[in-house]
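Asks: 3D, please:
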Amino acid sequence: MATPPQVVEFDRHDITKVVGHLDRIAALDTGLAWVNIGPALTDEQYKAVPHRSGMGKWVSGRGPAVPMATWTPAAAKGRTRLAQAGITHGLGPNALDTLADAGVSLPVDWVKKQDHARNGIVVDLPDGVAHEELVTWFLAAMDQLSTFISTGDQWIAEIHTP
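Replies: Here you go, the predicted structure:
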């Protein structure tokens, strides 16, 4: 049976809680956990988000109206791989160009794996990326990639561990 995720609420001006969770998970070296980060929507905001039907999601060329970031740690045990970060969004193709135009460029040592209209942005992270830098970039990027609401100051991280 899957373990339910731990939900951590945080404010964009104090990301220490979520950074601490990323640090803890990275230290495990298993690569089996992941963290999703998104804006903490009020009930009113959530009801106003346009939701697509299953068929609409299948045929649409765009991702969700409300962006969500995901981080997976590097794995040193078993099959090794780099840490990865990604953001699903509804902005459309070439989101990294849009981010760069808005002053939220991808850090130079992060390696783009994809920048897709429906599947979002995925990057490989080099060893040693500070989790504070990653979370700060996530929040700034999602501010720009949100197609429906202002992301605001309140955020939620879902910590998924085996």
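Asks: pLDDT weak spots in the chain?
Replies: 1-2, 42-43, 45-64, 77-79, 148-151 (pLDDT under 70).
Asks: quick one: the strands in it?
Replies: 6-11, 34-39, 68-72, 83-88, 111-116, 120-125, 154-160 (DSSP state E).
Asks: dump those into TSV; add mean neighbour count and distance to Met142 as well.
Replies: All C-beta atoms are positioned from the backbone trio N, CA, C, and that covers glycine. Output for the strands of the chain, formatted as TSV (neighbours: other C-beta atoms under 10 Å; distance: least, C-beta to C-beta, whole Å):
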stretch	mean neighbour count	distance to Met142
strand 6-11	14	14
strand 34-39	22	7
strand 68-72	22	6
strand 83-88	22	6
strand 111-116	14	15
strand 120-125	20	11
strand 154-160	18	9
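Asks: of all residues in the chain, which one is nearest the centre?
Replies: By C-alpha atoms, centre = their mean, the chain has its centre lying nearest to Ala69, at 0.9 Å.
Asks: rebuild the strands of the chain as TSV, extending it with distance to Leu134.
Replies: Below are the strands of the chain laid out as TSV (distance: least, C-beta to C-beta, whole Å):
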stretch	distance to Leu134
strand 6-11	14
strand 34-39	10
strand 68-72	6
strand 83-88	6
strand 111-116	14
strand 120-125	7
strand 154-160	12
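Asks: of all the ones you listed, which one is nearest Leu96?
Replies: strand 111-116 (4.8 Å; C-beta to C-beta).
Asks: that closest one vs strand 120-125, what angle?
Replies: With axes from the mean of the first three to the mean of the last three C-alpha atoms, to 10 degrees as the basis, strand 111-116 and strand 120-125 are set at 170 degrees to each other.
Asks: mind exporting the longest helix along the chain as PDB, just the C-alpha atoms?
Replies: Determined from DSSP state H, the single longest helix within the chain is helix 131-145. Below are the C-alpha coordinates for helix 131-145, written out as PDB (Å, rounded to 0.1, in the frame of the first residue of the first chain):
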ATOM      1  CA  HIS A 131      17.700  23.300  -2.900                       C
ATOM      2  CA  GLU A 132      17.100  26.900  -1.900                       C
ATOM      3  CA  GLU A 133      18.100  27.900  -5.400                       C
ATOM      4  CA  LEU A 134      15.800  25.300  -6.900                       C
ATOM      5  CA  VAL A 135      12.700  26.200  -4.900                       C
ATOM      6  CA  THR A 136      13.300  29.900  -5.500                       C
ATOM      7  CA  TRP A 137      13.500  29.200  -9.300                       C
ATOM      8  CA  PHE A 138      10.400  27.000  -9.100                       C
ATOM      9  CA  LEU A 139       8.300  29.700  -7.500                       C
ATOM     10  CA  ALA A 140       9.500  32.500  -9.900                       C
ATOM     11  CA  ALA A 141       8.900  30.200 -12.900                       C
ATOM     12  CA  MET A 142       5.400  29.100 -11.800                       C
ATOM     13  CA  ASP A 143       4.500  32.800 -11.300                       C
ATOM     14  CA  GLN A 144       5.200  33.300 -15.000                       C
ATOM     15  CA  LEU A 145       3.700  30.000 -16.200                       C
END
